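J.: Here's my sequence, what's the structure:
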Amino acid sequence: MTVEEDLVPEVHAEDVPQDVFRVIGRVPEGATDQEAVAHLRAAARAIRKRDIQMVRAAGLGHIGGEFSVIDILTTLYLDSLNMGPELLGDPDRDRFILSKGHAAAALYTTLAAAGFIDPEDLGTFMQPLSMLNGHPARTKIDAVEASTGPLGHGLPIAVGTALAGKIDGSARRTFVVTGDGEMQEGSNWEALMTAGNHGLANLCVIVDRNRLQQGARVADTNDLEPLPEKLVAFGMEVVELDGHDHAALREAFANVPAASGKPTAIVAHTMKGHPISFMSDNVAWHHKVPSPEQVEAALTELEQS
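T.: Residues are numbered from 1 along each chain as shown. Predicted coordinates:
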């Protein structure tokens, strides 16, 4: 018996979007809080639209977990990170690592929106010799800080990156996004213990808490609760928030490093497939390719969101 991950993809080249995705850019300097949130909401909507079209065309992707993390990625790259295309060679730039590397399409689309990669390259997602692999590769894209895919690797790399920043005496910060299912990996807890022990205040760990993993709910597989209390016990400054609330995300990211001197752990409560009605909180959309009708329905819902 095969699972969907093992199936040969059915490529739909005719569904590669013909319109060119545009660079959206960062929140304009001097924008009010309300203007900043409006900018981020519009960008996240555009990123979700292109994401689902890319997955349809490629015949592969992880839309559910991509849609749960897009608001986080959008806020980081278009507002909170001290990092832009012109800063890639600056050793004091902030760093970002997507540990849940299967959400690669969301990362690529966000990078295009921020001007790190050519938007036209999004049409090559998952094609032979494309730099846009199913998991992000450091050797293919300058803006990708670490190759990720095997779960439980990104957070340990981020801890090493943050420790290097502390040794350098640099003000740069390291942000990393993990999936909550991924937090079942022991390597993550070893990394958190190290971060707390070294007081890596320049580290921010964001847990995409959508409560679903491939094939099941996290609680039914290996329950993480009480997650916030566990993170506190490992020496983290813990913040819980709505992972789809751009204002809350902006505030949390602006407070890194924490005044306590501890690493920050943000438990971002999200919904897999957000905000699409037939995808939301539905485990089937961990790894599923939408039909043309489902793409159109999702695009319509996004227009109204």
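
J.: For Asp142, pull up the helix or strand it's in.
T.: Counting by DSSP states H and E, no helix or strand carries Asp142.

J.: How far off centre is the longest helix seen in the chain?
T.: Assignment by DSSP state H gives helix 33-58 as the longest helix of the chain. A distance of 13 Å separates the C-alpha centroid of helix 33-58 from that of its chain, computed with Cα atoms, centre = their mean, to the nearest Å.

J.: for the stretch 201-305 of the chain, what spans make up the strands?
T.: Along the stretch 201-305 of the chain, the segments classed as strands by DSSP state E, counting those that start in this stretch run 203-209, 212-213, 216-217, 237-242, 264-269.

J.: averaged over its residues, what pLDDT does the fourth one have?
T.: Within the predicted structure, the mean pLDDT of strand 237-242 is 98.

J.: quick one, that strand and strand 264-269 angle?
T.: 20 degrees (axes from the mean of the first three to the mean of the last three Cα atoms, to 10 degrees).

J.: quick one, phi psi at Arg95?
T.: For Arg95, the backbone dihedrals are phi -120, psi 150 (criterion: degrees, to the nearest 10).

J.: Once you drop chain neighbours, what's closest to it?
T.: Once its chain neighbours are removed from consideration, Arg95 has its nearest residue in Thr174; the separation is 4.5 Å (Cβ to Cβ, 6 or more residues apart in numbering). C-beta: built from backbone N, CA, C; applies to glycine.

J.: so how far is Leu87 from that neighbour?
T.: Between Thr174 and Leu87 the distance, using Cβ to Cβ, to the nearest Å, works out to 15 Å.

J.: Which one of these two is surrounded by more residues?
T.: Neighbours per residue (other Cβ atoms under 10 Å) separate Thr174 from Leu87, with Thr174 holding more: 27 against 13.

J.: and the more buried one, what are its bridge partners?
T.: Here Thr174 sits in beta bridges with Arg95, Leu203, as judged by DSSP bridges.

J.: wait, it sits on Ile206?
T.: No - using Cβ atoms under 8 Å, Thr174 makes no contact with Ile206, being 11.2 Å away.

J.: Show me whatever sits in contact with both of the two.
T.: Among the neighbours of Thr174, none is also in contact with Ile206 (Cβ atoms under 8 Å, 6 or more residues apart in numbering).

J.: Flag the shaky bits of this structure, pLDDT-wise.
T.: For the chain, applying pLDDT under 70 flags the ranges 1-9, 13-18.

J.: and if we set it to 90?
T.: Where the chain drops to pLDDT under 90, the residues are 1-21, 215, 305.

J.: Now do the helices in it.
T.: Listed in chain order, the helices found in the chain under DSSP H are 33-58, 63-75, 104-113, 154-168, 186-197, 218-222, 227-233, 246-254, 292-304.

J.: What helices and strands are in contact with the longest one?
T.: Which is helix 33-58. When contacts are defined as 3 or more Cβ pairs under 8 Å, 6 or more residues apart in numbering; DSSP states H and E, helix 33-58 packs onto helix 63-75, helix 104-113, helix 246-254, helix 292-304.

J.: burial measure for Asn188, as a count.
T.: Around Asn188 sit 24 other residues, with neighbours defined as other Cβ under 10 Å.

J.: Gly179 bridge partners, please.
T.: Note on Gly179: beta-bridge partners Asp208, judged by DSSP bridges.

J.: That one is in contact with Gly65, isn't it?
T.: Yes - Gly179 sits in contact with Gly65 when judged by Cβ under 8 Å, with a separation of 6.5 Å.

J.: Those two: who's more crowded?
T.: For Gly179 against Gly65, the residue with the higher neighbour count under other Cβ under 10 Å is Gly179, and the figures read 29 against 26.

J.: what sits against that one?
T.: Gly179 makes contacts with Gly65, Ser99, Lys100, Leu151, Val207, Asp208, Asn210, Gln213, as judged by Cβ under 8 Å, 6+ apart.

J.: Try it again at 10 Å.
T.: Applying Cβ atoms under 10 Å, 6 or more residues apart in numbering, one finds that Gly179 lies in contact with 62, 65, 68-69, 98-103, 151, 154, 185, 207-210, 212-214, 218, 272.

J.: and what of Glu145?
T.: Under the criterion of Cβ under 10 Å, 6+ apart, the contact partners of Glu145 comprise 83, 88, 93-98, 136, 138, 154, 157-158, 161, 174-176.

J.: make it 7 Å
T.: For Glu145, the contacting residues are Arg95, Phe96, Ile97, Arg138, by Cβ atoms under 7 Å, 6 or more residues apart in numbering.

J.: No further questions, thank you.
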